[in-house]
Structures are given as structure tokens and as C-alpha cells.
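Trainee: What follows is a predicted structure for the sequence shown.
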Amino acid sequence: DAGVTQSPTHLIKTRGQQVTLRCSPKSGHDTVSWYQQALGQGPQFIFQYYEEEERQRGNFPDRFSGHQFPNYSSELNVNALLLGDSALYLCASSFPTGRETQYFGPGTRLLVL
Amino acid sequence: GQSLEQPSEVTAVEGAIVQINCTYQTSGFYGLSWYQQHDGGAPTFLSYNGLDGLEETGRFSSFLSRSDSYGYLLLQELQMKDSASYFCAVITGANNLFFGTGTRLTVIP
């Protein structure tokens, strides 16, 4: 049973560029949430996708956008990268009513220079 | 908005018991979860409390008091591999986790 997978594992970009991160949920899960984790901090909720629509959004600017595909996989896009976007980006999957447990992927570490 | 407070660091001896406290202020509270994260790794689910009281899972237990907006994670028979960061997270709305800043636990021989 495959867990949550993310790609790429590491990424280096320069300011102003755009980046796309990918996530495949755990088998059987149809809800995907994205989090940003800065060094030494807890994960911060970016947004959640269910049935190919953004269901909830955290306090992140519109430069952060996403998409969910019919197979439940998801992408996170960040435009006009800033130095402060350097972080670990985590994807978590769950059932839509599975509030208790979210399963996290290994994350993508993004460095913006 | 939401806010969670937990100690930034805790050190304990192998074999001992340690308690990590978490207080929260939030609207639309649904439950409190605990996650463990080793350096360089992903958060992994440990425990969940939706109702007041104690939940036990092996060496780990978690407690919630909704009236006090307070919870704790109890780790017993500490092992070196328990050295990690521990996050409490409030569940609000539809399946959304709001994390604290984490407690770094160091287990010493």
C-alpha cells in the first residue's frame, strides 16, 4: 500500500521564478492538503482540495495556487517566488471526513536564491 | 484566529516519563491531534482527542480538556528514538489542521 508521495524531493529556484510541486495521495484517500513548514516552525496550512476543488484556504497570497486531478493527485504552484518561500512543502492526504488523521508525504524542500 | 502554545524544548532521561503540554485558543474547535517529526522527516500521526479524557496508544497517551482549552502528550518508557519534535494541532472546520510551533524532545542516556 503506497503512502503519500511527493516530487521532487529538493528544488532550487531564483527569485521571481515559478515552481510546481506534485503529490500523490495514499491509496483510498481523496482529500489532499498542502502545508508550508519553515525551518524550526510547525507546518502552516496553505489549502485543501477535495473533488478537484479548493475547499479551504489558509492565510497565503494568491501567488500560491493548486489543482487536483481526477485521480486525486494534486499540484501546488507558486508564482513570483520570494526568498521567504524557502521551506519544506508538505502534502497530506485523508478521507474527507477523516479529521483525526492526516498522512503526510516526505515533503519537497524548496530553496529560493 | 487560532493560537497554540507548547514548550519549545524538553529534555528527559531514557526510561523516564515526559509530558508535553499544549494550550490553544481557537474558534470552531473539533479536536486535538499530536504529530511526531524526526529531523528531515515528515510529520507522523500519534494520537487524537475529540472528547475530554485520556487516550492511550502503547507508550503514548494524550489528554484533552475542552473546558480548559488544554491538552498534553505523555510519553512513557522513553527511548532514544523518541528524540524528535512533537506538534499539537487543532482541528478546525473541515479537516484542517492548525499546528503549534512544536516541542523539541531530547532523550539522554
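Mentor: Good, I have the coordinates.
Trainee: So which bits of chain B are right by chain A?
Mentor: Counting by C-beta under 8 Å from any C-beta of the partner chain, the residues of chain B lying close to chain A are B:30-31, B:33, B:35, B:41-45, B:48, B:50, B:87, B:89, B:91, B:93-102. Glycine gets a C-beta too; all of them are placed from N, C-alpha and C.
Trainee: Quick check: nearest residue in space to the most centrally placed residue in chain A, chain neighbours excluded?
Mentor: Geometric centre of chain A, nearest residue: A:Trp34, 3.2 Å, by C-alpha atoms, centre = their mean. Once flanking residues are discounted, A:Trp34 sits nearest to A:Ile46: 4.3 Å by C-beta to C-beta, 6 or more residues apart in numbering or on different chains.
Trainee: So what's the residue count around the one you found?
Mentor: A count of nearby residues for A:Ile46, using other C-beta atoms under 10 Å in any protein chain shown, gives 22.
Trainee: Distance-wise, check it relative to chain B.
Mentor: 11 Å (C-beta to the nearest C-beta, to the nearest Å).
Trainee: quick one: which helix or strand includes that residue?
Mentor: strand A:44-50 (DSSP states H and E).
Trainee: Residue of chain B nearest chain A, please.
Mentor: Of all residues in chain B, the one sitting closest to chain A is B:Phe99 (3.4 Å; C-beta to the nearest C-beta).
Trainee: Just checking: what are the partner strands of the helix or strand of chain A with the lowest mean pLDDT?
Mentor: Least confident element among the helices and strands of chain A, by mean pLDDT, DSSP states H and E: strand A:53-57 (a mean of 90). As defined by DSSP bridges, the strand partners of strand A:53-57 come to strand A:44-50 (antiparallel).
Trainee: I'd assumed A:Ser24 was in contact with A:Ser73.
Mentor: Yes. Proximity of A:Ser73 to A:Ser24 meets the contact threshold set by C-beta atoms under 8 Å, at 4.7 Å.
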